[in-house]
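>>> A predicted structure for the sequence below; I have some questions about it.
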Amino acid sequence: ECVQVTTKDQNYDVFIGTEMLAEAWILCDNKVKQADHIFVFTDQSVWAAQQSYFEKNFDYPFDVFIFPGGESSKTFEQYELAQTFLLQQNATRQSLIIAFGGGAIGDVTGFVAATYMRGIPFIQVPTTILAHDSAVGGKTAINHSLGKNMIGAFYQPQAVIYDTHLLKTLPTREVRSGMAEVVKHAYLSDEQWLATLLHESQQITPSLNHHLKRGIEVKAAIVSQDETEQSVRKYLNLGHTYGHAVEAAAGYGKLAHGEAIMIGLVFTLLLSETYGDISHEDTLQFVQYALRNDYPLDAIHDYPFDQLANYLMKDKKVEYGELKFVLLKVIGQPIVQTITLEECRIVDAKLRAIIR
Ligand code: NAD
Ligand code: ZN
């Protein structure tokens with residue numbers, strides 16, 4: 001199965017299926033065959049878990065560059081090491097890089113590809129659930145000590161090959177974290193789909209492919225309309241304004257991104273009860289789903305509102321001291337609403353009261 005992504009620079013396919021890696025290469029045959037040299041960029045854990053599967057399903061000669069994994073792959077130092085590697089290997093503009101890993105590997109590899117000789121082709125082969133999100137949309141980046149994802153470029157891959165067989169070795173916590181973005185995509189899109197999703201338990205089963213494909217469709221539709229975040233792309237921040245504040249207050253890494261986003265989604269739903277037509281029952285049902293799937297919502301009690309407020313006010317979306325929140329008019333219908341910090345404090349108190 002395949003989802004088309006259209007952007008100004010480039011149109012490309014996102015192939016999705018289980019154990020279709022070998023077939024998918026045939027579909028992107030030209031891109032692969034035309035390359036004068038193929039490089040696989042991955043991280044230690046992904047390579048340890050999936051090297052043999054990759055080699056079994058990829059029939060071309062390649063050289064591999066291994067990042068340490070997670071956020072420590074997205075540093076200036078690793079960026080430079082990767083560029084040095086490409087130079088030493090005499091990579092040219094006709095070479096191809098394959099990003100084989102999660103969002104971190106996709107982000108740093110995409111930025112290396114965007115900037116090596118002013119841009120060489122790359123293909124994403126995502127290995128996490130979260131990467132159904134990060135592999136689509138063309139955002140690439142590394143981190144600066146003063147801010148996450150602060151150095152980067154918009155740069156589209158030639159193709160995305162999402163073989164969900166690769167997800168089978170993903171740690172449970174990464175499954176949980178990635179599913180938060182799938183749930184977000186459902187809230188942005190469709191009530192029926194959301195209901196199905198919230199009724200299922202989180203497992204790597206064939207029905208997951210369907211959810212991931214729908215998630216990719218939602219993301220692809222939004223970024224096709226607004227590549228550079230001038231308009232509708234900001235809807236993708238649903239749950240993220242408050243979620244990012246929680247993530248930052250915890251210290252990056254202490255809560256998985258998706259774990260913080262689930263708390264952010266609860267906040268968004270409570271806010272949507274006031275400004276939209278979301279019922280309190282909907283919110284409570286979502287909280288039940290989160291608890292059933294072991295999201296540590298109660299972590300919120302470790303971070304008092306005043307601490308979150310500092311981070312909220314630093315959000316990129318703050319204008320003249322007013323916070324802009326994406327919330328839901330109804331499920332599938334996001335809107336942007338200006339909220340004062342005092343309103344946030346009231347909703348924050350409601351959130352703390354329903355999560356014990
Ligand atoms: P990740 O790439 O760090 O992967 C999470 C962990 O799982 C890592 O330790 C990795 O080694 C391991 N792993 C990955 N796949 C595995 C597999 N199949 N089997 C075993 N272990 C595996 O993280 P992620 O959650 O995929 O992505 C998070 C990153 O994505 C962040 O850096 C975030 O900034 C970025 N992101 C980017 C965008 C975008 O639009 N570009 C969007 C959202 C998030
Ligand atoms: Zn996110």
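It's in. Ligands and ions are numbered 1, 2, ... in the order given.
>>> the least confident helix or strand in the chain by mean pLDDT: which residues count as buried?
Within the chain, no helix or strand scores below helix 29-34, which has a mean of 78 by mean pLDDT, DSSP states H and E. Buried residues in helix 29-34, counted by 16 or more other Cβ atoms under 10 Å: Lys31, Val32. (C-beta placed from N, C-alpha, C; glycine too.)
>>> try stretch 220-231
Buried residues in stretch 220-231 (16+ other Cβ under 10 Å): Ala220, Ile222, Val223, Ser224, Glu227.
>>> three-state assignment of the residue nearest to the first one when sequence neighbours are not counted?
The spatial neighbour of Ala220 that comes closest, neighbours along the chain excluded (Cβ to Cβ, 6 or more residues apart in numbering), is Val5 at 4.6 Å. Here Val5 is recorded as strand under DSSP: H, G, I helix; E, B strand; the rest coil.
>>> same question for Val40.
strand.
>>> what residues does this structure have near ligand 1?
Within the chain, the positions near ligand 1 by Cβ under 6 Å from any ligand atom are 43, 45-46, 49-50, 69-71, 74, 101-105, 107, 127-128, 130-131, 133-134, 137, 139, 149, 166-167, 169-170, 174, 177.
>>> and the pLDDT for Lys317?
On the pLDDT scale, Lys317 is placed at 61.
>>> same deal with Phe286?
Phe286 carries a pLDDT score of 97 in this model.
>>> return the set of buried residues in the helix or strand containing it.
For Phe286, the element it lies in under DSSP states H and E is helix 280-292. Residues of helix 280-292 classed as buried by neighbour count (16+ other Cβ under 10 Å): Asp282, Thr283, Phe286, Val287, Tyr289, Ala290.
>>> please apply the same query to stretch 11-18.
Counting neighbours by 16+ other Cβ under 10 Å, one finds that the buried residues in stretch 11-18 are Tyr12, Asp13, Val14, Phe15, Ile16, Gly17, Thr18.
>>> could I get those as a markdown table with pLDDT?
Below are the buried residues of stretch 11-18 laid out as a markdown table (pLDDT from 0 to 100):
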| residue | pLDDT |
| --- | --- |
| Tyr12 | 92 |
| Asp13 | 93 |
| Val14 | 95 |
| Phe15 | 95 |
| Ile16 | 96 |
| Gly17 | 95 |
| Thr18 | 95 |
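>>> mind checking which of those are in strands?
Counting by DSSP state E, these place Tyr12, Asp13, Val14, Phe15, Ile16, Gly17 in strands.
>>> for these, could you give me CSV that also reports distance to Val246?
What follows is these, written out as CSV (distance: Cβ to Cβ, whole Å):
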residue, distance to Val246
Tyr12, 34
Asp13, 36
Val14, 30
Phe15, 35
Ile16, 31
Gly17, 35
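>>> what's the most distant pair in those?
Greatest spatial distance among these (Cβ to Cβ): Tyr12 and Gly17, at 16.5 Å.
>>> separation between Ala245 and Leu308?
Distance of Ala245 to Leu308, computed by Cβ to Cβ, to the nearest Å: 4 Å.
>>> out of those two, which sits in the busier spot?
Set Ala245 next to Leu308 and count neighbours by other Cβ atoms under 10 Å: Ala245 wins out with 27 against 21.
>>> pretty sure the more buried one sits in a helix.
Yes: the assignment for Ala245, made by three-state DSSP, places it in a helix.
>>> show me what contacts it?
The contact partners of Ala245, by Cβ atoms under 8 Å, 6 or more residues apart in numbering, come to Leu308, Ala309, Tyr311, Leu312, Asp315.
>>> pretty sure the last one sits against Gly243.
No: here Asp315 lies out of contact with Gly243, judged by Cβ atoms under 8 Å, at a distance of 10.7 Å.
>>> out of those two, which sits in the busier spot?
Neighbours were counted for Asp315 and for Gly243 using other Cβ under 10 Å; Gly243 has more, 26 against 17.
>>> what's the pLDDT at the more buried one?
Gly243 is assigned 97 on the pLDDT scale.
>>> what's the burial count for Ala353?
When neighbours are counted by other Cβ under 10 Å, Ala353 comes out with 8.
>>> leaving out chain neighbours, which residue sits closest to Trp47?
Excluding the flanking residues, the one nearest Trp47 by Cβ to Cβ, 6+ apart is Ile66, at 5.8 Å.
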